[in-house]
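Peer 1: Let's see this in three dimensions:
(2 chains)
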Amino acid sequence: MTPFDSAHEARAVYNFWLGLIPQFLGQFGGAVPGAGAGATANSDSASERAPSPALMFPIDQIARATTMTQQSLEALAQSIASSIQMGGAPGLLGQWADAMPNYAFGKPDVVASNAAAQAWIAPSNALMASAAGAAPPARPPATPPGSGTPPFADAVAPMYRWQAMSQPWVEMASLWAGATPAQLNTLFDRTYGALSDALGFSPVRKLQAAWQDLITASIAQQEARTKYALLVQRAFGQGLQRLMTDLANKAHSGERIDSVLALLRLWAMKAEEVVHETLQSDDGLAATAALTRSALGYRKQMQRVASIIADFLDMATRRELDDAYREIQALKRELRASRAVRARGKNTGATPETGAG
Amino acid sequence: MDNPAEQAMLVSRAAAALAITPASVTEELQAARERLTRGLKKLAEISEDDLAIATVPRDEVYREDMVRLYRCRPTAEKPHGIPVLIVYALVGRFQMIDLEADRSFVRKLLASGFDVYFIDWGLPARAQRWLTIDDYVSGYLDHCVDVVSELSGSAQINLLGICQGGVFTTCYASLYPRKVRNLALTVTPIDFHGDKKEPQTGAGYMNRWTRSLSPQDIDDLVDAYGSAPGSMIGFAFLMMNPVSNLTKYTIDLVDVLDDDAKLLNFLRMERWIADRPDHPGEVLRQWLKDLYQDNKLIRNELRLGERIVDLRNITMPVLNIYATGDTIIPVSCSKDVGRYFGTRDYTEVPVPGGHIGTFVGGKAQKILAPTLAEWLEKRS
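Peer 2: Residues are numbered from 1 along each chain as shown, chains lettered A, B, ... in the order given. Now for the predicted structure:
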């Protein structure tokens, strides 16, 4: 065992933060060239300019973050210098506020489609998908329903193939019955249940039902994520407001800030304060709990689909393996208990421990 | 603030605090870019050896499943007779106690003349999802304690628990009091509802989040995942401070990359932070339901196997060290808990800094190991 063993999972967490960097710096005018909102560390051009693709963990990740930051600083300098040139310091702060209307002026309806919210949601989708074992960390997030490739497509692909295999039966039957395949498919759905069970076709019907539930769970999860993202975005907006207030107080007491980086750090401190308050509030906890429940619901449905497929292919499911592990663990406990009894027997004169309840 | 006129007024007042000019911006950010460029070159020159953590010389003396027990090679000619066994949490890796040679808690204990052992809980796989807290306490930990006793020739040993490991050692001391000479706890939650008495913004998010869920939610979580993925746990910790993490991986790098010592320290810490093992599901279920939700430890209601953990059985000396800036385990969950133990020799010591800073922070380092060493020497 090496001192560092779980780098694979850690990379998924880093990718989450790296994916947010363009959005974070972009909101102040420091867009990373070639990296749009939601770009991940694996796909953006910045990552290609990191010192070496073979650097060890976490140097590789830090090098990418450094490169992205370095590239954005030039744009940031130009943007800020230009704002100050045109409107002085009020011009700069006004530009920040204007660039983040959903932050500063509390227009939550804007946020749902806002790139910032999407930037927050997309990498977390990828990370959670990775944590759930649904996709390797480097992959893009699962596509929302109705927008192309369905999530979990790889896992259900065997069932699509199975459906394709059943299609010739439908077509042959259509010749016999004098009906079109489409008509027969409907008929198939209505009347074929019992026969399909007998012929071993029932997984298709089960899978269809499970698939519908998965789509429903996916929609619920997207909704929960959007609500959570709205809350966080609103907190960021209040953070900007708090920054303005703090700066006004500083100005009143004669304090001055002469560094852009110091200004950004002050913003981060104020935003963090509000994020903490928000996430610990009743609304924040409710949104987080809803996010958790929806994620679990989605995972449960994925597991159901996988279970149907595994059953059909006569493969052991995770649950069955878990049951075996459970039995092994129970046997280990029994062994431990019997060893303890034997040890006490050998050690004559030893008094049993007094902590027994 | 919805009123545009008021907003404009505020912006104008705020702008008066900014002494930034186009020239100063260009100059500052150009300098920052140059520092980052130098930093990138440094990054490319760093070797695996530079990033090595937990390098204290040690020998494996016991193994069971994925668990390993190590004995650190003593540096004192004649170490103290009663050894110290360090028990870390499951949510991270033990390397934190020996992150860097010059900031190593373990090395300081060795230098104070102690015979030091520690447990590496390893990387639990799916097969370990059914492990319970009892399996850890009455199984692995008890076996390690027996091995340490046998190797040292001491019927009793000193137990040092860290965070979740502190809860494990507390349970152990309650169930096997005769095997424990002294119990030292660091950044350990004892009263899991302590944060209710002293709510603190930015601290105790885990406590509140867990209580916002129902017991059924926890069951669903464990049933759905089996073992909680390490990346999920790591992500949960990072999301406690999402904005700080954005500056940490962007503008804060300007300072970090420009300083060799800071850079290596930063990378080693990152390596440790990112190394999150999966968390066995049944331990998680008990941890969240019995402790975070129901606070059974201080109620003497926590059941491990067939036995109840009764803190009144802990009659050996107890040292409780907590961090004054701990946001993961709120101070109110760790301090003023002496009344729950059966001991008459209870000592509480606050150290400055946060949860991890207790072991790696400069100020805390000056207090933690010397305090522990002195306390143990008096009682060994």
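Peer 1: Looks like residue A:317 contacts residue A:311 (just checking).
Peer 2: Yes: if you go by CB atoms under 8 Å, residue A:317 and residue A:311 touch, sitting 7.2 Å apart. For glycine as for every other residue, the C-beta is placed from the backbone atoms N, C-alpha and C.
Peer 1: And for the closest residue to chain A within the stretch 151-300 of chain B, the neighbour number?
Peer 2: Scanning the stretch 151-300 of chain B for the residue nearest chain A gives residue B:274, at 3.3 Å (criterion: CB to the nearest CB). Neighbourhood size, residue B:274 [other CB atoms under 10 Å in any protein chain shown]: 23.
Peer 1: what's the answer for residue B:313, then?
Peer 2: Using other CB under 10 Å, residue B:313 is surrounded by 22 other residues.
Peer 1: Could you do residue A:256 as well?
Peer 2: Should you count by other CB under 10 Å, residue A:256 turns out to have 12 residues around it.
Peer 1: That one and residue A:91, how far apart?
Peer 2: Distance of residue A:256 to residue A:91, given as CB to CB, to the nearest Å: 17 Å.
Peer 1: Any idea what residue B:86 is bridged to?
Peer 2: Beta-bridge pairing of residue B:86 under DSSP bridges involves residue B:118, residue B:160.
Peer 1: Any idea which helix or strand in chain B has the lowest mean pLDDT?
Peer 2: Ranking every helix and strand in chain B by mean pLDDT, DSSP states H and E puts helix B:230-238 at the bottom, with a mean of 86.
Peer 1: I'd like to know which elements it is packed against.
Peer 2: Contacts defined by 3 or more CB pairs under 8 Å, 6 or more residues apart in numbering or on different chains; DSSP states H and E place helix B:230-238 against helix A:7-26, helix A:115-131, helix B:260-274.
Peer 1: tell me, which of these is the model least confident about?
Peer 2: Comparing mean pLDDT across the helices and strands packed on helix B:230-238, the lowest value falls on helix A:115-131: a mean of 51.
Peer 1: which ones are touching residue A:217?
Peer 2: Contact analysis of residue A:217 by CB atoms under 8 Å, 6 or more residues apart in numbering or on different chains lists A:294, A:297, A:298, A:300, A:301.
Peer 1: Apart from its chain neighbours, what residue comes closest to residue B:279?
Peer 2: Of all residues not flanking residue B:279 in the chain, residue B:228 sits nearest, at 4.2 Å (CB to CB, 6 or more residues apart in numbering or on different chains).
Peer 1: Neighbours of that neighbour, how many?
Peer 2: Using other CB under 10 Å, the number of residues around residue B:228 comes to 25.
Peer 1: Touching, it and residue B:277? I think so.
Peer 2: No: using CB under 8 Å, residue B:228 makes no contact with residue B:277, being 9.8 Å away.
Peer 1: Format the CA atom coordinates belonging to the top helix by length along chain B as PDB.
Peer 2: Assignment by DSSP state H gives helix B:22-45 as the longest helix of chain B. Taking C-alpha atoms only, helix B:22-45 is exported to PDB below (Å, rounded to 0.1, in the frame of the first residue of the first chain):
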ATOM      1  CA  PRO B  22      -5.500  51.100 -14.300                       C
ATOM      2  CA  ALA B  23      -1.700  51.200 -14.000                       C
ATOM      3  CA  SER B  24      -1.600  49.500 -10.600                       C
ATOM      4  CA  VAL B  25      -4.000  46.800 -11.800                       C
ATOM      5  CA  THR B  26      -1.800  46.000 -14.800                       C
ATOM      6  CA  GLU B  27       1.300  46.000 -12.700                       C
ATOM      7  CA  GLU B  28      -0.100  43.900 -10.000                       C
ATOM      8  CA  LEU B  29      -1.600  41.200 -12.200                       C
ATOM      9  CA  GLN B  30       1.400  41.200 -14.500                       C
ATOM     10  CA  ALA B  31       3.600  40.500 -11.400                       C
ATOM     11  CA  ALA B  32       1.100  37.800 -10.300                       C
ATOM     12  CA  ARG B  33       1.300  36.100 -13.700                       C
ATOM     13  CA  GLU B  34       5.100  36.100 -13.600                       C
ATOM     14  CA  ARG B  35       4.900  34.500 -10.100                       C
ATOM     15  CA  LEU B  36       2.600  31.900 -11.500                       C
ATOM     16  CA  THR B  37       4.900  31.200 -14.400                       C
ATOM     17  CA  ARG B  38       7.800  30.700 -12.000                       C
ATOM     18  CA  GLY B  39       5.500  28.500  -9.900                       C
ATOM     19  CA  LEU B  40       4.700  26.300 -13.000                       C
ATOM     20  CA  LYS B  41       8.300  25.700 -13.600                       C
ATOM     21  CA  LYS B  42       8.800  24.700  -9.900                       C
ATOM     22  CA  LEU B  43       5.800  22.300 -10.200                       C
ATOM     23  CA  ALA B  44       7.500  20.600 -13.100                       C
ATOM     24  CA  GLU B  45      10.600  20.000 -11.000                       C
END
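Peer 1: Now do the buried residues in it.
Peer 2: Applying a neighbour-count criterion of 16 or more other CB atoms under 10 Å in any protein chain shown, one finds B:22, B:24-26, B:28-29, B:32-33, B:35-36, B:39-40, B:42-43 buried in helix B:22-45.
Peer 1: Please, where are all the helices along the stretch 151-300 of chain A?
Peer 2: With DSSP state H, counting those that start in this stretch, the ranges of helices along the stretch 151-300 of chain A come out as A:153-177, A:181-191, A:193-199, A:202-252, A:260-280, A:282-312.
Peer 1: Show me which residues of the stretch 51-200 of chain B are close to chain A?
Peer 2: Counting by CB under 8 Å from any CB of the partner chain, the residues of the stretch 51-200 of chain B close to chain A are B:51-54, B:68, B:95, B:120, B:122-123, B:126-131, B:135, B:138-139, B:174-178.
Peer 1: Mind pulling the model confidence for residue 146?
Peer 2: As the question left the chain open, I've gone with chain A. Here, the pLDDT recorded for residue A:146 equals 39.
Peer 1: you looked at the wrong chain, it should be chain B
Peer 2: Value for residue B:146, per-residue pLDDT: 97.
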